[in-house]
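Undergrad: What would the 3D arrangement of this be:
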Amino acid sequence: MYVSLDSLQSIAIYRIDLANGDLTRVQTVAVPGQPGSLTVDPTSRFLHAAIRTANSVSSFRINEENGDLSYLGTINVHWNPVYLSMDRSGRFLFAAYFSDNRAGIYAVQESGAVKSGALQVINTDKNPHSILTDGSNRFLFIPCRTGEVVLQYKFNASSGALAANEPDRISTPDSTGPRHISFHPLSHTMYAANEYGRSVTAYRIDTSLGTLSPMQTLTMQPRSPYGNVIAANTGGADVHATPNGRFLYATNRGPDSIAAYRLDPATGVMTSIAQYPTEKMPRSFAIDPDGKFLYVGGQASGKISAYQIDSASGLLRYVKSYQIGSNPVWILITRTGTQSSEVGENINGSGRTFSLSQNYPNPFNADTQISYVLPSAAHTTLRVFDLNGRCVAMLVDRFQTAGLYRISLHTGDHASGVAASGVYFYSLESEGYRQTRNMVLLR
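TA: Just a heads-up that it's a prediction; the model follows:
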């Protein structure tokens, strides 16, 4: 876990015990200014930090053994970056400039550091608050809070160029304030946390056109609201779906609460299930890669609270609070290479071909392994489908280097949709290749 400590001009690094969610601080890294948004490349080898007081971005190499950070360099980006993200290949970095009504695209060098000089700078509507590509890496969206729009772009993953889509935006009702967004890992759905509306809106993504259509909006207010006056910067803040696509959570400042929703894995439709009081001014939060624990930072409390996610209901159980330091503004969790249940052997594509092996054991009861070979680096997906063709689990959805990979499928964790006895299909897609096999779950 990486935490931006704005007032202390540093990034705190914590190790997560996935058995109980406990945090152990392992390092604190000084940065040249006040850090904000953090992002990592798809291989979890490099981290980039927005240094808002210096209008810059700093890059670090992640130590795969212990998660420590080694400084690679800092570039000036001319404006104040409120939000950073990377494309699905890890070749490009995006920055949203909230107060400057702009967004920028930057190339990433082989060393992992961001290259100085923007490839492209675009003008946006007022107050762009986040910027992300969808799962296909072909489309990009920018919610503009005060502009009351979500901008829609086509993204060229080869050149890094953005082109306005048609239409180039979808407008939101007055007093909505779209802020941060998150994508469902299985269905073609995007969720937006609305700052002014203190709500979450689900949008259906047209996968051929890359355009949005609003599907549903639910409040993130507690059922018994405590506090009716909405002051500046105290509304909805952040939103994230769990890795298995079954639950969604959003933070709400002012009432200082977490809203929990159940998601339909096939359609992405939300059902409100609970709201929880939490740390004061809960701006940023993160969910661990296994979807077991949720961590919320309190800007005004200087603490992080840990919650365990019930895998069946999505309800949260408070675990513990940690004194982190003044003004924790961003939380990012990633799994380093040595921590991953995914094992890769770099073979550089030499003499190897694309292949997907039969899972072992098969039939299986609770756990099984799936192995495959990639002849070249590419964005890769490994999905599980039921007999009706419905995607019930996304096991891999990231850029991977050439190599041999072994993925562990746990019916209770990664693939909660794989539950009932029967035949399932698993399909691997990468760089124009596709292969599908079947497997049998016996309870």
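
Undergrad: pretty sure Thr74 is touching Phe60, no?
TA: No. At 10.2 Å, Thr74 and Phe60 do not qualify as touching, with contact defined as C-beta atoms under 8 Å. From N, CA and C alone the C-beta is placed, and that goes for glycine too.

Undergrad: Could you give the number of residues near the residue lying closest to Met220 once chain neighbours are set aside?
TA: Nearest-residue entry for Met220: Ala259, 3.7 Å, with adjacent residues in sequence omitted and distances by C-beta to C-beta, 6 or more residues apart in numbering. Ala259 has 27 neighbouring residues, counting by other C-beta atoms under 10 Å.

Undergrad: mind checking how far the helix or strand containing Ala259 is from the chain centre?
TA: Taking DSSP states H and E as the definition, Ala259 sits inside strand 257-263. Distance of strand 257-263 from the chain centroid (C-alpha atoms, centre = their mean, to the nearest Å) equals 16 Å.

Undergrad: same question, stretch 314-325
TA: 20 Å.

Undergrad: Which secondary structure element is home to Ser425?
TA: One thing to correct before we go on: residue 425 is Phe, not Ser. Assigned by DSSP H and E, Phe425 belongs to strand 422-430.

Undergrad: What strands flank that strand, and is each parallel or antiparallel?
TA: Here strand 422-430 is paired, per DSSP bridges, with strand 378-385 (antiparallel), strand 433-441 (antiparallel).

Undergrad: Name the surrounding residues that touch the last one.
TA: By C-beta atoms under 8 Å, 6 or more residues apart in numbering, the residues outside strand 433-441 that reach it are 354-356, 358-359, 362-365, 368, 411, 418, 420-428.

Undergrad: Next, the buried residues of it.
TA: For strand 433-441, burial by neighbour count (16 or more other C-beta atoms under 10 Å) applies to 433, 437, 439, 441.

Undergrad: how about that strand as CSV, C-alpha atoms only?
TA: Extracted as CSV, the C-alpha positions of strand 433-441 are listed here (Å, rounded to 0.1, in the frame of the first residue of the first chain):
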residue,chain,number,x,y,z
TYR,A,433,-4.9,-14.7,-30.4
ARG,A,434,-7.8,-16.5,-28.7
GLN,A,435,-8.2,-20.0,-27.2
THR,A,436,-10.9,-21.5,-25.1
ARG,A,437,-11.1,-24.7,-23.0
ASN,A,438,-13.7,-26.2,-20.6
MET,A,439,-13.4,-27.3,-17.0
VAL,A,440,-15.6,-29.1,-14.5
LEU,A,441,-16.4,-28.0,-11.0
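
Undergrad: gap between it and the chain center?
TA: That offset, for strand 433-441, works out to 27 Å (C-alpha atoms, centre = their mean).
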